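Colleague: Build me a model:
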Amino acid sequence: MIKAILFDISGVLYQDKTPIIGAIDAINQLQCSGLPLRFVTNSSRSTEVMIVSALQKMGFVIDPCQVFTAPGAIKRFLQMKNLRPYCLVHPDLEAEFIDFDQLNPNAVVVTDAAERFDYNRLNTAFQLLLEGAQLIGIGRNRYFKTDGELCLDAGPFIQALEYAAGVDAQIMGKPAAAFFMAVVNSVGCMPKEVLMIGDDAEADVEAALKAGLQACLVQTGKYRKGDESRVLSLGGECSPSVVEVVTPFL
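Modeller: A predicted model of the protein is given here:
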């Protein structure tokens, strides 16, 4: 029995700032049902405040406490460990880390940095890692979809730094099981009672299944034909009956 639902945001609720057909009505009806909902994202081009505000302006009824972002998880980790980050992040995300001491960094934070993924910044991150700084990554997503095309996400750059410096990144967002568990704990359910709905076969669906959740892949956002069969070949301990593909939204 499903007792709570987790939704990815971009590609599931909206695409290119336009709500996906049926998404607003579905979410608003679910909010009225009393079923616990959480909205989870690795999005790193907006702060949590910006994400909530954008969703509300689109017409979604969403409370800020229902939103869990990977940058938010990174912030909490930095605070808990008292780390000084070198932030290789998107300009729009800088505000999330403005309160941290960033002199003499002992950690490298990598999110989707767009045009900031240039040689000088990547090499600075590489040099810090060689000196012992901890690598903290937002996620291993390979790409995302915007303006109708697929674009490189942070995952390839995180993996490049891991390879070059011979280190392993601490992944704070999807597909890390700890991220899913933090969200599941917030609704007070067992993982098997929680359904994750997303458009990413690996970071949303496969990762949720490995964490013990149920999962649903939607045919919107970054979904590509055949992704559902890829989920079952990625090594997760799941059966075809666990993964549903839904189109349209719900």
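Colleague: Contacts only, for the spatially most central residue of the chain.
Modeller: Nearest residue to the geometric centre of the chain (Cα atoms, centre = their mean): residue 42, 2.2 Å. Residues counted as contacts of residue 42 (Cβ atoms under 8 Å, 6 or more residues apart in numbering) are 69-70, 138-139, 141, 153-154, 173-174, 203. (Each C-beta comes from the backbone N, C-alpha and C, glycine too.)
Colleague: can you give me the helices for this protein?
Modeller: The residue ranges that make up the helices of the chain, judged by DSSP state H, are 23-33, 48-58, 70-81, 119-130, 155-165, 177-187, 207-210, 227-231.
Colleague: between those helices, which one is nearest to residue 110?
Modeller: Between residue 110 and the helices of the chain, the tightest spacing by Cβ to Cβ is seen for helix 155-165, at 5.2 Å.
Colleague: So what would you say the end-to-end distance of stretch 193-213 is?
Modeller: Taking Cα to Cα, to the nearest Å, stretch 193-213 runs 7 Å from one end to the other.
Colleague: Is it correct that residue 74 is in contact with residue 171?
Modeller: No. With contact defined as Cβ atoms under 8 Å, residue 74 does not reach residue 171; the gap is 9.9 Å.
Colleague: who touches both of those two?
Modeller: residue 138.
Colleague: Between the two, tell me which one has more neighbours.
Modeller: Neighbour comparison, residue 74 and residue 171: the larger count goes to residue 74, with 29 against 24 (by other Cβ atoms under 10 Å).
Colleague: how far away is the closest residue to the more buried one other than its chain neighbours from residue 99?
Modeller: The spatial neighbour of residue 74 that comes closest, neighbours along the chain excluded (Cβ to Cβ, 6 or more residues apart in numbering), is residue 172 at 4.7 Å. Distance, residue 172 to residue 99, by Cβ to Cβ, to the nearest Å: 18 Å.
Colleague: So those two - more neighbours on which side?
Modeller: Remark: of residue 172 and residue 99, residue 172 carries more neighbours, 26 against 10, as counted by other Cβ under 10 Å.
Colleague: What confidence value was assigned to that one?
Modeller: Per-residue pLDDT puts residue 172 at 93.
Colleague: show me the residues around the residue nearest to residue 230 when sequence neighbours are not counted that make contact.
Modeller: In space, residue 230 comes closest to residue 201 once its chain neighbours are excluded; the distance is 5.2 Å by Cβ to Cβ, 6+ apart. Counting by Cβ under 8 Å, 6+ apart, residue 201 touches 217, 223, 227-228, 230-231, 234.
Colleague: For ChimeraX, what selects the buried ones among those residues?
Modeller: Burial among these is assessed by 16 or more other Cβ atoms under 10 Å; the matching ChimeraX selection reads:
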select :217,223,227,228,231
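Colleague: among the contacts of residue 201, which two are most distant?
Modeller: Pairwise distances among those were taken by Cβ to Cβ; the largest, 15.3 Å, belongs to 223 and 234.
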